[in-house]
Every structure is written in structure tokens, then in C-alpha cells.
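> For reference, the sequence and a predicted model appear below.
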Amino acid sequence: MLYWLTLFSDGGDFFNLFRYITFRSGGAFMTALVFGFIFGRPLILVLRKRQGKGQPIRTDGPEGHITKSGTPTMGGLLIVGALMTSSLLWARLDNAYVWMVLFVTLAFGLIGFWDDYSKVSKQNTKGVPGRVRLLLGFAIAGVAAYWAALNHPAELQYQLALPFFKDLLVNLGVFFIPFAMFVVVGAANAVNLTDGLDGLAIMPVMIAAGALGIIAYAVGRVDFTEYLEVHYVPGSGEILVFVAGLVGGGLGFLWYNAPPAAVFMGDTGSLALGGALGAIAVVTKHEIVLGIVGGLFVVEALSVIIQVIYFKRTGKRVFLMAPIHHHYEKKGWAEPTIVIRFWIIALILAMIGLATLKVR
């Protein structure tokens with residue numbers, strides 16, 4: 001919204017700064033961060049009052065989680081509120097990609113809110129049936145995939161770009177839509193599975209989002225794409241403003257989610273943020289790279305899939321407990337140790353993903 005202040009610029013004054021994505025990204029970051037600090041504590045007090053017993057804790061989970069009983073959930077409201085506010089203030093509202101990512105974030109956040117509310121109100125860990133969540137998620141992702149395809153330049157529509165192979169495009173045709181749907185829904189659920197320890201999910205989300213934000217800015221500039229030999233996606237650079245808001249809001253949330261957590265992200269936050277990562281990857285034509293920069297989420301999801309399939313076939317378990325962060329809890333690792341080591345892994349994977357921008 002503030003971009004329209006450029007109408008008052010003659011090209012050499014303060015208002016001219018609002019033309020620059022980097023300046024507006026800085027503004028979005030600070031807005032979201034301040035939003036988190038201002039509204040974090042009041043939101044926690046409201047959630048604690050409304051939820052009573054807080055998020056129900058699994059009785060079959062790690063023994064140490066019993067101490068978390070009574071901690072309120074739906075803290076994702078703080079992150080979503082911060083990034084929505086900052087994006088609407090600082091991003092260009094005539095950019096279709098911005099609206100697409102905002103749509104996915106908010107829609108998946110509403111699914112998560114419904115699930116959290118169901119769990120808290122019934123004091124049951126099951127929440128909304130998984131099939132209903134998946135059906136709604138695929139419907140939202142289908143709209144977003146078609147939205148993105150319509151706004152991609154003609155030479156990139158319905159195409160799959162591959163990392164390392166700079167000039168290669170795979171024409172998926174009508175199959176691009178279900179592929180993009182899988183990317184968005186898969187990212188949302190993978191982040192959701194990762195959100196099991198205090199601070200575990202939010203930092204890797206910020207790291208992966210930061211990497212995707214850099215990619216979005218790069219592929220949105222024709223000079224950068226020529227140097228890096230990647231495909232040019234006009235308008236995608238504006239996604240950096242959204243990402244800056246996400247990182248600022250995430251840091252504001254982490255202030256209260258750091259061990260011992262005063263509030264949990266809940267499905268409200270994890271589904272919204274995971275969906276946002278998937279949507280950004282689809283916009284920038286870096287769906288495969290998302291599997292690298294978000295590799296930690298992929299591993300978490302795979303650990304659950306492997307555990308379920310192996311147990312159904314053999315009656316035995318590969319991991320002591322899935323997702324894999326619970327496996328290490330069962331092995332006796334301290335929660336902060338797991339969280340920080342997973343953060344380090346997420347950072348390494350993000351750097352590897354960024355390296356794909358310039359590999360000859």
C-alpha cells in the first residue's frame with residue numbers, strides 16, 4: 001500500500017525510496033517484528049484465558065512433554081497477523097503473485113485454526129479428520145497453481161524448471177497443476193509434522209523462506225537472471241517483501257516460543273507457513289529447489305511415511321518414534337540440543353539450495 005507514495009515523488013526525494021523492493025522489505029521486516037513484540041503477550045493472555053487447559057498433549061509421546069500441559073496453542077495467529085499486515089502495508093498490491101501467496105497463507109491458516117480449535121475445544125489430539133484437511137488443502141492449492149500458471153510468462157507456463165540444468169524446461173502441460181498442488185500441500189504438511197518441539201519449526205521456516213526470498217528477488221530481475229542463467233519471472237521479486245514480513249513475524253513469535261514455550265504455533269501457523277513456502281516455490285519456478293532448502297521438512301515427513309509403511313508391513317518400527325525429532329528425544333537427546341542441531345542442518349541445506357543459482 002505504501003508503494004503508492006511514489007506518486008508524490010519527483011525521482012530524487014524520500015518518497016522515491018518506496019520504489020525499491022529492498023527498502024520496502026526492510027520496512028516489512030521491522031513492521032512484522034514490532035507487531036510481534038506489541039501483540040505477542042496480549043495474544044498469549046487471551047489464548048490462555050480462552051483455551052483453559054491449552055493444547056492437549058499426546059499420552060504416547062515423549063515423557064518430557066507432560067510438562068508442556070497447559071501451554072496455549074494457535075500462536076500462529078501472531079505470525080500470520082504480522083506478515084499479512086506488513087505485506088499489505090509494504091508490498092505492491094497490483095502484483096498477482098503477492099495476492100496468490102497471501103491467499104494460500106491465509107487459507108491454510110484457516111484450516112489450521114479450525115484444527116486447533118477442534119483440538120482445544122474437545123481436548124482431543126485428533127482435531128479435524130486428515131482427509132478433510134487434505135481435501136481442503138488440495139482445493140486451495142489447485143486455485144493457487146492455476147493462478148500462478150496464468151501469470152507466468154508464456155514461455156514458462158506449465159513448465160518445470162530443473163536446478164543445475166539452466167536451459168532445460170520440462171513441459172508438464174495439464175499435469176503442472178496437480179504437481180504444483182502436491183508441492184504446496186506437501187510443504188504445508190511437512191512443516192506441520194516438524195512443529196513438535198519448542199522453536200523447532202519456526203527457525204527452519206525462516207531460513208527456508210529467506211533462501212526462497214533471495215531466489216524470488218533474483219529471478220525477478222532480468223540482469224540477475226542473465227548472470228545466474230536462471231529463468232526470468234517478472235514481478236516475482238515482490239515476494240521478497242512478503243518473506244521479510246514472514247521473517248520479522250517469525251522472530252517476534254520465536255521470542256515467546258523459545259524454550260520453555262509460552263505459546264505453541266499450532267496448525268494455525270505451521271500449515272500457513274508451509275503453504276506459503278510451497279506457493280513461493282511455485283511462483284519462482286523453483287519447486288525442486290524447495291526440496292533442498294526445505295530438506296529438513298522433507299526428512300521429517302519421510303520419517304513418518306517410512307514408519308507407517310514399515311509398521312503396517314512388519315509390525316515393527318524403524319524409529320523409536322516419528323517424526324524423527326521424537327526419535328532423538330527417545331534416545332535421550334535434550335530438547336534444546338535437537339532444536340539447535342536441526343537449525344544448523346536447515347541452514348546448511350538452505351545454503352546448498354542457494355548454490356544451485358550459480359552452478360555451471
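That came through, no problem.

> buried sites along stretch 348-360?
349, 350, 353, 354, 356, 357 (16 or more other C-beta atoms under 10 Å). The C-beta positions use only the backbone N, C-alpha and C, and glycine is treated the same way.

> Please apply the same query to stretch 31-50.
31, 32, 33, 35, 36, 39, 40, 43, 44, 47.

> Let me have the residues you listed in TSV, extended by secondary structure.
Putting the buried residues of stretch 31-50 into TSV (DSSP: H, G, I helix; E, B strand; the rest coil) gives the following:
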residue	secondary structure
31	helix
32	helix
33	helix
35	helix
36	helix
39	helix
40	helix
43	helix
44	helix
47	helix
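
> thinking again about what came up before, what about the buried residues of stretch 348-360, which are in strands?
Using DSSP state E, no member of these falls in strands.

> now, among those residues, which is nearest to residue 253?
residue 350 (19.2 Å; C-beta to C-beta).

> who's in contact with the closest one?
If a contact means C-beta atoms under 8 Å, 6 or more residues apart in numbering, then residue 350 has 207, 208, 210, 211, 293 as its contacts.

> can you do 10 Å?
204, 206-212, 214, 292-296 (C-beta atoms under 10 Å, 6 or more residues apart in numbering).

> Select from the residues you listed the one having the most neighbours.
residue 294 (32 neighbours; other C-beta atoms under 10 Å).

> Not counting its neighbours along the chain, what's nearest it?
residue 208 (4.5 Å; C-beta to C-beta, 6 or more residues apart in numbering).

> Now do the contacts for that neighbour.
Residue 208 touches 187, 191, 243, 273-274, 277, 280-281, 290, 292-297, 346-347, 349-350, 353, counting by C-beta under 10 Å, 6+ apart.

> Same question for residue 296.
By C-beta under 10 Å, 6+ apart, residue 296 lies in contact with 190-191, 194, 200-201, 203-205, 207-208, 324-325, 342-350.

> that older thread, dump the buried residues of stretch 31-50 to a markdown table, plus pLDDT.
Below are these laid out as a markdown table (pLDDT from 0 to 100):
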| residue | pLDDT |
| --- | --- |
| 31 | 97 |
| 32 | 98 |
| 33 | 98 |
| 35 | 97 |
| 36 | 96 |
| 39 | 97 |
| 40 | 96 |
| 43 | 96 |
| 44 | 95 |
| 47 | 93 |
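
> buried subset of the contacts of residue 296?
190-191, 194, 200-201, 203-205, 207-208, 324-325, 342-343, 346-347, 349-350.

> that older thread, quick check, nearest of the buried residues of stretch 348-360 to residue 130?
Closest to residue 130, out of all of the buried residues of stretch 348-360 and judged by C-beta to C-beta, is residue 349, at 27.2 Å.

> Distance-wise, check the nearest residue to the closest one once chain neighbours are set aside relative to residue 301.
Using C-beta to C-beta, 6+ apart and skipping residues adjacent in sequence, the residue nearest residue 349 is residue 295, 4.0 Å away. From residue 295 over to residue 301 the distance is 11 Å, taken as C-beta to C-beta, to the nearest Å.
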